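> I need the structure of the sequence given here:
(2 chains)
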There are 2 protein chains.
Amino acid sequence: MSEPISAAAAADRLRGADRIVLLTHQYPDGDTLGCGFALCRALQKLGKTVRVECPDEIPEKYGYLSEGVPCPAFEPAFVCAVDVADARLLGPLEGVYAGRIALCIDHHGSNTGYARELVLRADYAAAAMVVREVIAALGVEPDRGIAECLYTGIATDTGCFKYSNTTAQTLRMAAEMLDFGVNNEMINRTMFDVKTRARVELERQALDSMRFYLEGRCAVMLVTNAMIARSGAGENDLEGLAPIPRQIEGVWVGVTMREKKDGSFKVSVRTGNHADASAICTRLGGGGHLRAAGCTLAGPAERAVEAVLDVVRRTLSAPSAGGR
Amino acid sequence: MSEPISAAAAADRLRGADRIVLLTHQYPDGDTLGCGFALCRALQKLGKTVRVECPDEIPEKYGYLSEGVPCPAFEPAFVCAVDVADARLLGPLEGVYAGRIALCIDHHGSNTGYARELVLRADYAAAAMVVREVIAALGVEPDRGIAECLYTGIATDTGCFKYSNTTAQTLRMAAEMLDFGVNNEMINRTMFDVKTRARVELERQALDSMRFYLEGRCAVMLVTNAMIARSGAGENDLEGLAPIPRQIEGVWVGVTMREKKDGSFKVSVRTGNHADASAICTRLGGGGHLRAAGCTLAGPAERAVEAVLDVVRRTLSAPSAGGR
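Down below sits the predicted model:
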């Protein structure tokens, strides 16, 4: 297990190190990338040789995070993971770095402790908030580039300050980043607003497919390969569909079923405080969090829907269901 | 024209007054209602006889704003409008109160100056931010009820801190409201996440109607009376459609045209930093903010669309258009 250390101690380790590699998790999001490039920029300001390594190609929309940041080649002497809860989330980089990760900076309560030392703030909405503290302890004043990385992490992990993990401290830290000159309009638009025409078309078709069950308590939305093909949607257009069914009034359990290339369905379940998404998906061979979980089911669609509804029906009729 | 006064002076006027009516604008939103009920709660704490009057029925989802707030009957001695840019926006209450509105608290640069005195902060994202300063000047410490009203105003007028009007000050004021115990999870879910089934159906049809012009720089979405009838949407389901066209990649000017009962169209224009929505709508006989403005045009739809496109085309080809 990792040795728990403070942000100040983490800054000490980084100050004493050089030839530093910063690792992000696979399927990178705004928080892991924002952490990586914020810390990379700060350490480069201190004259360190540093680079960010991401197990996947970085989606184009995150391009501004790394703008102007050198990515030097060198043999790493210090490896630090950011926003990575489990070494398995390093994907192809796990084999390269596992066992020699000196430091992890994270906010996931579920962190598996794979790093030698760990700065963990499970009460923080974003790992970028922990990185902000490490950068402060390094004595680096954020410039606009660093601030835009940190803002991106905070804004994306809170759904632009909408999710329940948003606290007064979250908002104040974001405000501080705006003081450093963050172009929040550009970032918010890029992260939260911009949809391709293909995505809009796919959403329209997916909404067409929506069906309601169990007196409107359960909504099921299908995203089939045929819809994806008709809309012209690419992989990046498929993100963020899962919350849609649960946003409908009266829906306790929102189910999004996305057909995979092999005809099976990736099922995403979202619930409010009336039902346990994790319990539903566990019964279907998957797992996840209380409000957001998933599983994979064999097709055809009708059979997969029936399997999900069967479990949802039993879950909603269980005595513990209900409440606010 | 109104006499411009400070928040402190407005607090003086209110402190010296009693039997106060607070007026909101028609088609009420979170900001005008948040302002009205925040100020009503604060003045009632000072022992004043106060009520909020709204020209329309208040949608159910805003119920928490007025929870526990008495609405006494009395002959008004002091009338104050909040977030009302133009006396015409008082709808049926214009005839009742126009000419005797002593004070207006607003953030619309386009305020017509119909009130005797005006506290105007056109640099503020929400009128609720101005009301926050008036309440501070009244010496009332916000309780949770007041803070939830003010938070609602700030959050709704910034699209949950997503729009470009969100500044460091906006975020810090929202943070202060969370310190006062605001249930931001409940408010954000109610304001930004929950959609009725009729609304989802209306969105689907509106997306169907979307057309692109000027090499994809302008998107126009129609919401006709026929669509509203087919979807079963009520008045409350019609809010918040205006941002949709501008969310599409490459769109600089997003136009939503909502048919009114009389067959004319309420036109909402949203722009990025490539175009001035207020300039576009002013040329069409309307007005508003730099990035969000509106006007009313006669039908049929095709003619209204042509009129808008004509102005948008000239605006986008003007030398000042462009930029990051």
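> what are the boundaries of the strands in chain A?
For chain A, the strands defined by DSSP state E occupy A:3-4, A:20-23, A:50-53, A:78-82, A:103-106, A:117-120, A:211-213, A:218-223, A:253-259, A:265-271, A:287-288, A:292-297.
> where's A:Cys54 relative to chain B, distance?
In this view, A:Cys54 and chain B are 24 Å apart by Cβ to the nearest Cβ, to the nearest Å. For the C-beta atoms, the positions are set from N, CA and C on the backbone; glycine is no exception.
> and that residue, what is it in contact with?
Going by Cβ atoms under 8 Å, 6 or more residues apart in numbering or on different chains, A:Cys54 touches A:Leu23, A:Thr24, A:Gln26, A:Pro28, A:Thr32, A:Leu33, A:Gly36.
> shouldn't the fifth one be in contact with A:Ala128?
No: A:Thr32 lies out of contact with A:Ala128 (Cβ atoms under 8 Å); the separation is 9.1 Å.
> looking at those two, which has the bigger crowd around it?
A:Ala128 (34 against 29; other Cβ atoms under 10 Å in any protein chain shown).
> for that one, give me its contacts.
A:Asp31, A:Gly34, A:Cys35, A:Ala38, A:Asp83, A:Cys149, A:Leu150, A:Tyr151, A:Thr152, A:Gly153, A:Ile154, A:Asp157.
> overlap in contacts of A:Thr32 and A:Ala128?
Listed as contacting both A:Thr32 and A:Ala128 by Cβ under 8 Å, 6+ apart are A:Asp83, A:Gly153.
> out of the strands of chain A, which gets the lowest mean score?
Per-stretch mean pLDDT for these is lowest at strand A:287-288 (a mean of 78).
> what is that one packed up against?
Packing contacts for strand A:287-288, counted by 3 or more Cβ pairs under 8 Å, 6 or more residues apart in numbering or on different chains; DSSP states H and E, involve helix A:277-283, strand A:292-297.
> could I get the ones you listed in TSV, plus columns for distance to B:Glu201 and mean neighbour count?
Output for the helices and strands packed on strand A:287-288, formatted as TSV (distance: least, Cβ to Cβ, whole Å; neighbours: other Cβ atoms under 10 Å in any protein chain shown):
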stretch	distance to B:Glu201	mean neighbour count
helix A:277-283	25	20
strand A:292-297	25	19
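> compare the ones you listed and give me the one nearest B:Thr170.
With Cβ to Cβ as the measure, strand A:292-297 is the member of the helices and strands packed on strand A:287-288 nearest B:Thr170 (28.7 Å).
> any residue of the closest one touching chain B?
No: residues of strand A:292-297 are not located near chain B by Cβ under 8 Å from any Cβ of the partner chain, the shortest gap being 13.6 Å.
> re earlier: lowest-confidence member of the contacts of A:Ala128, which is it?
A:Asp157 (92).
> surely that residue is in contact with A:Leu33?
No: if you go by Cβ under 8 Å, A:Asp157 and A:Leu33 don't touch, sitting 11.5 Å apart.
> residues of stretch A:191-199 that come out buried?
In terms of neighbour count (16 or more other Cβ atoms under 10 Å in any protein chain shown), stretch A:191-199 has its buried residues at A:Met191, A:Phe192, A:Asp193, A:Val194, A:Lys195, A:Thr196, A:Arg197, A:Ala198, A:Arg199.
> these: which ones sit near chain B?
A:Phe192, A:Asp193, A:Val194, A:Lys195, A:Thr196, A:Arg197.
> CSV for the contacts of A:Ala128, including distance to B:His289 and neighbour count?
Below are these laid out as CSV (distance: Cβ to Cβ, whole Å; neighbours: other Cβ atoms under 10 Å in any protein chain shown):
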residue, distance to B:His289, neighbour count
A:Asp31, 32, 27
A:Gly34, 30, 32
A:Cys35, 35, 35
A:Ala38, 32, 31
A:Asp83, 37, 30
A:Cys149, 30, 34
A:Leu150, 29, 31
A:Tyr151, 23, 31
A:Thr152, 26, 30
A:Gly153, 29, 33
A:Ile154, 26, 28
A:Asp157, 29, 25
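> quick check, nearest of those residues to A:Ala279?
A:Asp157 (24.7 Å).
> need the pLDDT of the residue nearest to the closest one when sequence neighbours are not counted.
Excluding the flanking residues, the one nearest A:Asp157 by Cβ to Cβ, 6 or more residues apart in numbering or on different chains is A:Ala126, at 3.8 Å. With respect to pLDDT, A:Ala126 scores 96.
> again, but for A:Glu185
pLDDT, A:Glu185: 91.
> so it sits against B:Asn273, correct?
Yes: with contact defined as Cβ under 8 Å, A:Glu185 reaches B:Asn273; the gap is 7.3 Å.
> alright, I will stop here.
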